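S.K.: what would the 3D arrangement of this be:
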Amino acid sequence: MKIHPLADRIVVKPAEAEEKTKGGLFLPDTAKEKPVWGEVIAAGPGKTTDEGKKVAMEVKVGDKVLYGKYSGTEVTIDGQEVLIMRESDIFAIMPK
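M.R.: Numbering: from 1, shown residues only. As a prediction, this is how the structure comes out:
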């Protein structure tokens, strides 16, 4: 995928929605919840402050991150559903 986000934006590939419950019941598409974690597949260079200084990104490509349920903008790039969001929409970086 060839995409280069600007400023403090990142591109996240959301995790797959759960297919079945812990009890083993299969969920229909209408009952599946949106995932709240995914993998960073592209990251911008970082934010520029009002004074002109660059603030480096804390996340990098390959990080697994937690984000808000309704964060970001859903887009399709090369047939793949991804989210584009600001770094500030991320709650945490998950351990590997």
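S.K.: point out where this protein drops to low pLDDT.
M.R.: Residues of the chain that meet the criterion pLDDT under 70 lie in 1, 17-22, 24-34.
S.K.: quick one, what contacts the spatially most central residue of the chain?
M.R.: The structure's the chain has its C-alpha centroid closest to Val12; by Cα atoms, centre = their mean the separation is 3.0 Å. By Cβ atoms under 8 Å, 6 or more residues apart in numbering, the contact list for Val12 reads 38-41, 65, 67, 72, 82-85. Any C-beta I mention is one placed from the backbone N, CA and C, and that applies to glycine too.
S.K.: that one belongs to a strand, doesn't it?
M.R.: Yes: assignment of Val12 by DSSP: H, G, I helix; E, B strand; the rest coil places it within a strand.
S.K.: give the bridge partners for it, please.
M.R.: For Val12, the beta-bridge partners are Val40, Leu83 (DSSP bridges).
S.K.: separation between it and Lys47?
M.R.: Going from Val12 to Lys47 by Cβ to Cβ, to the nearest Å gives 17 Å.
S.K.: same deal with Asp78?
M.R.: 27 Å.
S.K.: and if you look at Lys53?
M.R.: Lys53 is 9 Å from Lys47, by Cβ to Cβ.
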